[in-house]
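Enquirer: predicted model, plus sequence, below.
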Amino acid sequence: MGNSDSAAQVQSVDRAISVLELLAQGEAGITEIAGELGVHKSTVSRLVSVLESRGLVEQLGERGKYAIGFGVVRLAGAATGRMDLTKLGQPVCQTLADSFGETVNIAVHDAGVAINITQARGSAAVSAVNWIGQRTPLHATSSGKVLLAYLPADERARLASLPLDSYTENTVVDASRLLSELEEVASQGYAACFEELELGLHAVAVPVRGHRGEVVAAMSASGPSYRLSRERVGQIVPTMSTAAADLSAQLGYFAG
């Protein structure tokens, strides 16, 4: 590719961005856009056609004016996703909590622990504990296991090799056993804990992804073991995974 071709491509990208910036101010037709940019209508038609095919602009009716498309909203989500995790996650958690009747949380990994940043309580939730801001162990919680499972292998191994505190007789404190379990978590797409942090408490968590596809958080549902049984955990995982995928999309993640 020659320098002239490269320069032309850069110019096309620059013009395409100018089209988006113009449409961000309001609807416009081909002739109007061409006049504003000082280029031929045929050039604008080609640019708009490409932008429309990618969902970045949309035509309002046949032969109508053009406007910013929904694709731009998804791109914007990638930029603001990290800041919006708590805000966007709250209604998702509440919907699940209302559906399950249990407590639903979102947690993130911070310096070797899981920190809960969002919580919603369902009608059947028996505990009034506010987990927001609480630091919980990675190896003894469903959220923590999800966060661990998707870390780079060396970091995962390092954290698993640290002394693992025992909270109940069910807590996994052996590094090799934990690492084996984490491989299974990554393979099946969810983690469950059965009385590993507290006796009588069961929980299940699924990953939430950021715009680059990396796991940025874990969303969990927890409840008493007599109600959130192993069988019920398996039943609610698909609903949780769907909700987590929807939240991931709002954060800018484009699923392949």
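Expert: Alright, I've got the coordinates. Remember, it's a predicted structure, so these values are computed and weren't measured experimentally.

Enquirer: ok, Gln25 to Gly200 distance?
Expert: Using Cβ to Cβ, to the nearest Å, Gln25 is found at 58 Å from Gly200. Where C-beta positions appear, they are placed from N, C-alpha and C, glycine not excepted.

Enquirer: now the residue of the chain most remote from its centre, nearest residue through space, not along the chain?
Expert: In the chain, His40 marks the outermost C-alpha relative to the chain mean, sitting 41.7 Å out by Cα atoms, centre = their mean. Among residues not flanking His40 along the chain, Ala34 sits closest, at 6.4 Å (Cβ to Cβ, 6 or more residues apart in numbering).

Enquirer: list the contacts for that neighbour?
Expert: 40-41, 43-44 (Cβ atoms under 8 Å, 6 or more residues apart in numbering).

Enquirer: so it is in which element?
Expert: Element membership of Ala34 [criterion: DSSP states H and E] is helix 30-37.

Enquirer: now do the helices in this protein.
Expert: Using DSSP state H, the helices of the chain run over residues 3-23, 30-37, 41-53, 70-100, 142-149, 153-161, 175-188, 230-250.

Enquirer: surely Gly210 and Val216 touch.
Expert: Yes: if you go by Cβ atoms under 8 Å, Gly210 and Val216 touch, sitting 4.1 Å apart.

Enquirer: between these two, point out the one with more neighbours.
Expert: Val216 (23 against 18; other Cβ atoms under 10 Å).

Enquirer: distance of that one from Tyr167?
Expert: 26 Å.

Enquirer: repeat for His139
Expert: 10 Å.

Enquirer: quick one: which of these two has more around it?
Expert: Comparing His139 with Tyr167 by other Cβ under 10 Å, the one with more neighbours is His139, at 25 against 18.

Enquirer: enumerate every residue touching the closest residue to that one other than its chain neighbours.
Expert: Among residues not flanking His139 along the chain, Leu164 sits closest, at 5.1 Å (Cβ to Cβ, 6+ apart). Taking Cβ under 8 Å, 6+ apart as the criterion, Leu164 is in contact with 137, 139-140, 171-175, 178.

Enquirer: equivalent analysis for Arg156, please.
Expert: For Arg156, the contacting residues are 148-149, 179, 182, by Cβ under 8 Å, 6+ apart.

Enquirer: residues near the residue nearest to Gly144 when sequence neighbours are not counted, how many?
Expert: Nearest residue to Gly144, sequence neighbours excluded (Cβ to Cβ, 6+ apart): Leu138, at 3.4 Å. The number of residues packed near Leu138 is 26, by other Cβ under 10 Å.

Enquirer: any idea of the pLDDT on Leu138?
Expert: Note on Leu138: pLDDT of 95.

Enquirer: what does Gln11 give?
Expert: At Gln11, pLDDT is 85.

Enquirer: can you pull the poorly scored residue ranges out of the chain?
Expert: Within the chain, the ranges that satisfy pLDDT under 70 run 1-4, 73-74, 76-83, 124-129, 131, 255-256.

Enquirer: measure Pro224 to Gly101 for me?
Expert: Between Pro224 and Gly101 the computed distance is 11 Å (Cβ to Cβ).

Enquirer: repeat for Gly252
Expert: Gly252 is 31 Å from Gly101, by Cβ to Cβ.

Enquirer: who's more crowded, those two?
Expert: Gly252 (21 against 17).

Enquirer: so the more buried one sits right up against Gly210, yeah?
Expert: Yes: between Gly252 and Gly210 there is a contact under Cβ under 8 Å: 7.0 Å.

Enquirer: coming back round to it: redo the contacts of Leu164 as TSV? Include distance to Gly234.
Expert: Converted to TSV, these look like this (distance: Cβ to Cβ, whole Å):
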residue	distance to Gly234
Pro137	24
His139	22
Ala140	21
Thr171	22
Val172	20
Val173	25
Asp174	25
Ala175	27
Leu178	22
